[in-house]
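Enquirer: Predicted model, plus sequence, below.
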Amino acid sequence: MDNFTAHRLRFVTEVQSIIELNEHQGSAIRGSLFHALRGQFCTYRQASECADCPLVATCPVAILVSTLKPGDRRGRDVPRPYTVQPPLPGRSGHPFELPGGRIVFRYKPGERFEFGLTVYAQALQLFPYVVLTVHRLEQTGIGRRTEQADGRWRRGTFVVQEVWAENPLTGERQPVMRAGDNLVQVPDVPITHAQVCKYAGEHIAQHASHITLHFLTPTRIVERGHLLKPHGFRFQPLFQRLMGRLESLSRDFSDTPLVFDDPRGLIEAAGRVRVVENRLVWEELRSYSTRRRAGSPTSGLMGSVTLVADDWSLFLPWLVWGQFTHVGKDAVKGNGWYRVGWRMENEGWRMKRMENGE
């Protein structure tokens, strides 16, 4: 885990023509990135998916658009090495109800449209493809086809104004690209394991007694075939899923895979973490795959839950990491994004926002 890094990018764009995104905005952004990557870089369109492509071993973007990693011993079912950080409701976009009650978020010409993308470890070498893909979206558009000002139906468009690399743990920000630039800077403010451990250690040293998890996007945790719902929330299955995600990301995209010293003991300790305040709700959502021509549930936990543990040092470094890796189903689409807050002993509530300016 020592060499595992996360590179958080923020894309700041200006809307050129009306953009409408489905209620699950992260799914819409990820879907647009998928089609733009495949449309621009796929050289063997006859294959219905990457697994059937004879060129997959030399394809530079297969691991971005599929769960394949050419040359990896596992081959299939590796996690995708990035997550989307979608716009959060109430902070941008205008909720709009379509006939039938369906909600979309609308962005008008001249408004700002921002989203984040976090790329992990060795996948940073694919960053130039990501930038080229976002530029392609300037032309092809994003979201639903809507009637535009000229009366034609097409996807809305934007122009990239700025791209920033950001490290919320250190407060560093690096301009990667600005409108009119001919050169793109490689992101160089990584979130590292050493920074995570230092950050977690500082707050453990301050005797944090309670921790609050704020779920910003639907978080879908499955335990033994059953969904973890608000009324029955327990910390253990959430933390167990997080352990698995950190292990798989570090194994597949870094040369220092995470190996927990006593995973069984850690899971048992997670079972002793207690819920003291539960403000969780269940948000029903579905996303639609144009590739599969089918919808799939992306519902999950939203809201916040406050927890107490005898020793947070066992869990806090991994919870800090989870803010950047997300946890649970559909993380690549932006699901499972959360932030950590805490209460200091005898000092009331303190909240640490993990995003600059929020």
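Expert: Yep, that arrived.
Enquirer: what is the residue positioned nearest the centre of the chain paired to in the beta sheet?
Expert: The residue lying closest to the centre of the chain (CA atoms, centre = their mean) is T83, at 3.3 Å. When bridges are called by DSSP bridges, T83 pairs up with T118.
Enquirer: And the pLDDT at the closest residue to L238 other than its chain neighbours?
Expert: Spatial nearest neighbour of L238, chain neighbours left out: I221 (5.5 Å); criterion: CB to CB, 6 or more residues apart in numbering. The way it works is simple: take the backbone N, C-alpha and C, and place the C-beta from them, glycine included. Looking at I221, its pLDDT stands at 98.
Enquirer: what's the neighbour count on I221?
Expert: 22 (other CB atoms under 10 Å).
Enquirer: can you check G328 too?
Expert: Neighbour tally, G328, other CB under 10 Å: 25.
Enquirer: same thing with D2?
Expert: So D2, with other CB under 10 Å, has 13 neighbours.
Enquirer: Can you tell me the SS state at it?
Expert: Under DSSP: H, G, I helix; E, B strand; the rest coil, the three-state class of D2 is coil.
Enquirer: My read is that it contacts C197, right?
Expert: No: with contact defined as CB atoms under 8 Å, D2 and C197 do not form a contacting pair (9.9 Å).
Enquirer: so who does T133 touch?
Expert: L33, A36, L37, Q40 (CB atoms under 8 Å, 6 or more residues apart in numbering).
Enquirer: still on that earlier bit, Provide a list of residues in contact with the residue nearest to the centre of the chain.
Expert: Counted by CB under 8 Å, 6+ apart, T83 has contacts L117, T118, T325, H326, A331, V332, G334, W337.
Enquirer: In a markdown table: those residues, plus neighbour count.
Expert: Shown next, in a markdown table, are the contacts of T83 (neighbours: other CB atoms under 10 Å):
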| residue | neighbour count |
| --- | --- |
| L117 | 21 |
| T118 | 22 |
| T325 | 23 |
| H326 | 26 |
| A331 | 26 |
| V332 | 21 |
| G334 | 28 |
| W337 | 27 |
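Enquirer: so of these, which ones are in helices?
Expert: Members of the contacts of T83 lying in helices (criterion: DSSP state H): T325.
Enquirer: Show me which of the contacts of T83 is closest to S27.
Expert: The shortest approach to S27 among these belongs to G334, at 7.2 Å (CB to CB).
Enquirer: Please identify the helix or strand for the nearest residue to the closest one once chain neighbours are set aside.
Expert: Closest residue to G334 apart from its sequence neighbours, by CB to CB, 6+ apart: G26 at 2.3 Å. Here G26 sits within helix 25-41, counting by DSSP states H and E.
Enquirer: Show me what the lengthiest helix in the chain is packed against.
Expert: The single longest helix within the chain, with elements called by DSSP H, is helix 235-253. When contacts are defined as 3 or more CB pairs under 8 Å, 6 or more residues apart in numbering; DSSP states H and E, helix 235-253 sits against helix 263-270, helix 316-325.
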